[in-house]
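[1] Predicted model and sequence follow; I will ask about them next.
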Amino acid sequence: MNKKQKFFDKFEDRFTNIIEKKERKRYYFNVKNKDIIEVADYLFNTMGCRLSICTATEVYDGLEVLYHFSDDSTGTIYNPRVKTSLENPEINSIVEVTKGAEWIEREMYDLFGIKFKGHPDPRKLLTINNPEFGEDDHPMRFKRDKNNRKK
Amino acid sequence: MSKCRIPLGPFHPLLEEAEFFDIKVEGETVVDIEMETGWMHRGHEKISETRSFTQSIYLVERICGICSTSHPFACVNAIEDIDNIQIPERAKYIRVLVGEVERIHSHLLWLGLAGHFIGYDTLWMWAWKYREPILKIAEMISGNRNHYGMMRVGGVGKDFDNELIPKIHPILDAVEKKMVMLSKAAKDDPVLKSRLKNVGILTKEDARDYCANGPTARASGLDMDVRRDDPTAYEVVDFNVITLPNGDVYDKLVARVLEIIESVKIIRQCLDAFSKVDGPVKTEVKEIPPGEGCGRYEAPRGEVFHYMRSDGTNRPIRHKVRAPSFSNIPTYKASCVGIPLADALITLAAVDPCYCCTERSIRTVDTNNNKIDTDLLNISRDKTQKIRKDFLKKAKTPVERIFEKS
């Protein structure tokens, strides 16, 4: 049984919406917030993947963070996706698993306002020295009207 | 011993871009180092959401002047990944050719800068002298010394002219000869060895923990290269991945020199193939369906990662850009602590940091989400006028002073 099959079997009941792109070896799947540290730990330490980057995106019903774990021995990218709400967005930090997540979690807090629980240094990254941005300004968020529609 | 804090930047003669390092030292030894970012932030990710897919490629080309084909390469890979678009074989060779020309000139640029940083200006002048013919090759292929504008979704924008093959070969021969000489000189040169050996060591464990990539990781013994591991065009050529064990600045220098020699070999393979492989250079792509795609490419500094999400219109709804320096710069925490201050700068420079790539972008908007067009020249002139007026109100003009005396 190969590494990929073992991984999907182990977390079978906790993954939803699995999208497989077999030609290019890309796998996308949804993970609950409480499981992300365990999944990241398995990918990073047991399977030997490297955290390429995370992407935060604002979608119509909330915010989501997509982690891109790259398996350099096979060229595969595993993409766990964690969803959170628009009001008070909070996700568990994976800095304890890999220090490579430190800057990107700071950047996602800066641009999207997602708080990472357990981050050792939860400051802003890019707009920290910009006098025009306060602590509550997150420039990549959409402006929404009172019906929560994108302006 | 008491700690002393040395601020380095944001504007410093040794930093080629604006960046702030806060270095804490005890005596001469660095005990802690922090970095503040944000001076080069321009907002490309947000601007990209307002551009069509083809325009995004031109936009990301402007993120960085040195790796100006790495970002478009990864961007088109990401767009092609959404719909699994295959590109023609000749286009693959042209993409590889442009990418490798860029790798050689970027490594030579770093080599020159590294020589300049350690006060070895002969190396700087040599390296930049050899870089010039490589830029000429880029000009012959694409029409530009930089910002080639070659990448398109489904292939490349311009075909390679086979008449250029006999013109490029002698330049490559000359450059390869010089690079072999330089690699031998680096191995024998007592100045380089004593200055760079065992300086700023990044161990294999630290490199993995910080998710380092590119020559920074390969010089620490991590065997990874996106060109080999996840090829989208590089499966047509044959090359070796350079991996070195020590992780010090010297190994990073040697890794880059050896990579230049590998790149010359790859370009030769491409030139040999052009006379045999003929055909179209672009697949016609009518529309991008809804979906998401990850594209990556091994830039001279490491892995460039682009993520694109499409909703079926002609514009991406999310475009994430991650340059290699974003992962490589934080490794200074592992490599700089515990070494003398004089070695810290070359250690910082050894990852070949590119702050423009790291920070990318922000768009200035007013409260109604409209773009603010500010004319910097006019703001500057207005400010000068205002200062002059304020100054004149207080100070007396020379004419007034003459009348005052009399």
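    Cool, the structure landed. Residues are numbered from 1 along each chain as shown, chains lettered A, B, ... in the order given.
[2] which residues touch the residue nearest to A:F15 when sequence neighbours are not counted?
    Sequence neighbours aside, A:F29 is the residue nearest to A:F15 in space, at 4.3 Å (criterion: C-beta to C-beta, 6 or more residues apart in numbering or on different chains). For every residue, glycine as well, the C-beta is placed using N, CA and C. Contacts for A:F29 (C-beta atoms under 8 Å, 6 or more residues apart in numbering or on different chains) come out as A:15-19, A:79-81.
[3] Buried ones only from those residues, please, as a ChimeraX command.
    Entered in ChimeraX, the line below selects the buried ones among the contacts of A:F29, by 16 or more other C-beta atoms under 10 Å in any protein chain shown:
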select /A:15,79,80,81
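[4] Distance to B:I79, secondary structure and pLDDT for the contacts of A:F29 - can I get that in CSV?
    Output for the contacts of A:F29, formatted as CSV (distance: C-beta to C-beta, whole Å; DSSP: H, G, I helix; E, B strand; the rest coil; pLDDT from 0 to 100):
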residue, distance to B:I79, secondary structure, pLDDT
A:F15, 27, coil, 91
A:T16, 27, strand, 89
A:N17, 23, strand, 89
A:I18, 23, strand, 90
A:I19, 17, strand, 90
A:N79, 17, strand, 94
A:P80, 23, strand, 94
A:R81, 20, strand, 94
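[5] Please work out which residues outside stretch A:74-81 touch it.
    A:3-4, A:7, A:17, A:25-31, A:36, A:39-40, A:43, A:49, A:52, A:64-71, B:229-231, B:294.
[6] where does chain A dip in pLDDT?
    A:1, A:150-151 (pLDDT under 70).
[7] you'd agree the residue nearest to A:F15 is in a strand?
    Yes. Using DSSP: H, G, I helix; E, B strand; the rest coil, the assignment for A:F29 is a strand.
[8] Quick check: beta-bridge partners of it?
    Bridge pairing for A:F29 (DSSP bridges) gives the partners A:P80.
[9] I'd like to know how far it sits from B:E163.
    According to C-beta to C-beta, to the nearest Å, A:F29 stands 51 Å off from B:E163.
[10] Skip the chain neighbours and tell me the closest residue to residue 31.
    This is for chain A. A:V31 sits nearest to A:P80 (C-beta to C-beta, 6+ apart), 4.5 Å away.
[11] should've been chain B
    B:K24 is the one closest to B:V31 (C-beta to C-beta, 6+ apart), at 5.3 Å.
[12] Work out for me the element the one you found sits within.
    Secondary structure from DSSP states H and E places B:K24 in strand B:20-26.
[13] Enumerate every residue touching the spatially closest residue to B:A185 that is not a sequence neighbour.
    Excluding its sequence neighbours, the residue lying closest to B:A185 (C-beta to C-beta, 6+ apart) is B:L192, at 7.8 Å. If you count contacts by C-beta under 8 Å, 6+ apart, B:L192 has them with B:118, B:120, B:123, B:185-186, B:250, B:253.
[14] For B:L192, what are phi and psi?
    phi -60, psi -40 (degrees, to the nearest 10).
[15] Check what pLDDT it gets.
    pLDDT recorded at B:L192 is 82.
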